[in-house]
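# Okay, structure incoming, though there's no sequence with it:
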């Protein structure tokens, strides 16, 4: 099963995250299939960047975002856009 989740980078007390598509059996910072975005919580406001095409591709393929990634996608409006596309295709 493919999951959309964050991988922690950066030094101690200075986290920086990559949002990736990965197999759910892989460890948090293990191998990934594709990088789909970044999240920097230390900036004010927090910096969130996603490659919209990659996010939509993985969601259409059935990838499940973790709770944290789902909240980030919601803040960027990508979950709503995905649900609208799903409703239109039916």
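Perfect, thanks for sending it. Bear in mind the structure is a predicted one, so any value in this text is a computation, not a measurement.
# list the helices and strands the longest helix along the chain packs on?
In the chain, with assignment by DSSP state H, the single longest helix is helix 78-89. Judged by 3 or more CB pairs under 8 Å, 6 or more residues apart in numbering; DSSP states H and E, the packing partners of helix 78-89 are helix 52-60, helix 67-76. (Glycine included, C-beta is placed from N, CA and C.)
# Give me the mean pLDDT for that helix.
Per-region confidence: helix 78-89 scores 88 on mean pLDDT.
# Can you check what angle separates it from helix 52-60?
60 degrees (axes from the mean of the first three to the mean of the last three CA atoms, to 10 degrees).
# Tell me how many other residues crowd the nearest residue to residue 58 once chain neighbours are set aside.
Distances taken as CB to CB, 6 or more residues apart in numbering put residue 21 closest to residue 58, at 4.8 Å, once the chain neighbours are dropped. Using other CB atoms under 10 Å, residue 21 is surrounded by 21 other residues.
# Also residue 30?
With other CB under 10 Å as criterion, residue 30 counts 11.
# now do residue 10
When neighbours are counted by other CB under 10 Å, residue 10 comes out with 12.
# quick one, what contacts it?
By CB atoms under 8 Å, 6 or more residues apart in numbering, the contact set of residue 10 is residue 16.
# what's the distance between the closest residue to residue 52 other than its chain neighbours and residue 20?
Leaving aside its sequence neighbours, residue 52 sits nearest to residue 78 (CB to CB, 6+ apart; 6.5 Å). According to CB to CB, to the nearest Å, residue 78 stands 15 Å off from residue 20.
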